[in-house]
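Q: Take this sequence and fold it.
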Amino acid sequence: MDTTEATEPPEAAERLRSMKQAMRHQATAARKRTTPEERLEAGRRIALHACDEGLIHPFATVAAFVSMGSEIAMAPLLQALLDAQCRVLVPRLGSGMTIGWSELDDLEGLRSVRGDDGSPNTRRPQEPDSPSGGPDTLSDAELIIVPAFAVDPSGIRLGRGGGWYDRALEYKAAKARVVAICWPWETTSTPIPHEPHDVPVDAALTPDGYMAIR
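A: Reported below is the predicted structural model:
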């Protein structure tokens, strides 16, 4: 079955979008059953696998992300990158659609994004106080680490649904490697519905290890 949305009529495209949303709901439900301790341990294991697989090169530029909610904790991997004196870029979402990147100097510099009422926005990841660069900042990155709800055998990634990374990855360097972070049970043999502009990942990194795809 061809799961590419571009050639489908509107009804089929809407059906595929509903399928993806259902997959996100299922993944979110499974993640909420994990404990903070399990998510932190998963993050530690991911950092170890990243080191073992040679993903972390001293002084390299790496784009990563700050975990939130029930995602696998990214703090151990971010700290490993900082310890290797990497230049670490993390997303600056702005209004939610703006594509920007800031340099992360240390984990203590992360701050919660505040809503209009001054309270922390729990639907947004923490961000550093450093200046925000434009979308083309990503072209400096040799390694790009992205969140995923699922990854299929061809490298198609199921994201959070906002399309932010689809737009952001248009600016990646041709030789940059894109690695998705997910739980082992989120690497699926079932093709994920996708569109022509979706950028496949090169590998998945889970607490169980590194899985090269392309």
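Q: you'd agree residue 61 is up against residue 81?
A: No. With contacts counted by CB atoms under 8 Å, residue 61 stays clear of residue 81, the gap being 10.0 Å. The way it works is simple: take the backbone N, C-alpha and C, and place the C-beta from them, glycine included.
Q: ok, now which ones touch residue 181?
A: For residue 181, the contact set (CB atoms under 8 Å, 6 or more residues apart in numbering) comprises 46, 71, 72, 74, 77, 145, 146, 147, 148, 204, 205, 206.
Q: and the nearest residue to residue 175 once chain neighbours are set aside, how many neighbours?
A: Once flanking residues are discounted, residue 175 sits nearest to residue 142: 7.5 Å by CB to CB, 6 or more residues apart in numbering. When neighbours are defined as other CB atoms under 10 Å, residue 142 has 16 of them.
Q: Wait, residue 142 touches residue 62, no?
A: Yes. With contacts counted by CB under 8 Å, residue 142 reaches residue 62, the gap being 6.9 Å.
Q: re earlier: compare residue 61 and residue 81 and say which is more crowded by neighbours.
A: residue 81 (25 against 20).
Q: Which neighbouring elements make contact with the longest helix that the chain contains?
A: Determined from DSSP state H, the single longest helix within the chain is helix 10-32. Under the contact definition 3 or more CB pairs under 8 Å, 6 or more residues apart in numbering; DSSP states H and E, helix 10-32 sits against strand 157-158.
Q: Report all helices and strands that the strand it packs on contacts.
A: When contacts are defined as 3+ CB pairs under 8 Å, 6+ apart, strand 157-158 packs onto helix 10-32, strand 150-151.
Q: Touching the helix or strand that that strand is followed by from outside, list them.
A: Sequence order places helix 164-168 as the next helix or strand after strand 157-158, per DSSP states H and E. The contact list for helix 164-168 (CB under 8 Å, 6+ apart) reads 91, 93, 96-97, 99, 135, 138, 146, 157, 159, 195, 197-199.
Q: Helix or strand next in line after helix 164-168, which one?
A: strand 177-181.
Q: Direction included, what does the helix or strand just after that following strand pair against?
A: Next helix or strand after strand 177-181 toward the C-terminus (DSSP H and E): strand 203-206. The strands that strand 203-206 pairs with in its sheet are strand 177-181 (parallel), strand 209-212 (antiparallel) (by DSSP bridges).
Q: Serialize those to a markdown table and add fields for distance to residue 104 and mean pLDDT.
A: Shown next, in a markdown table, are the strands paired with strand 203-206 (distance: least, CB to CB, whole Å; pLDDT from 0 to 100):
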| stretch | distance to residue 104 | mean pLDDT |
| --- | --- | --- |
| strand 177-181 | 16 | 98 |
| strand 209-212 | 23 | 97 |
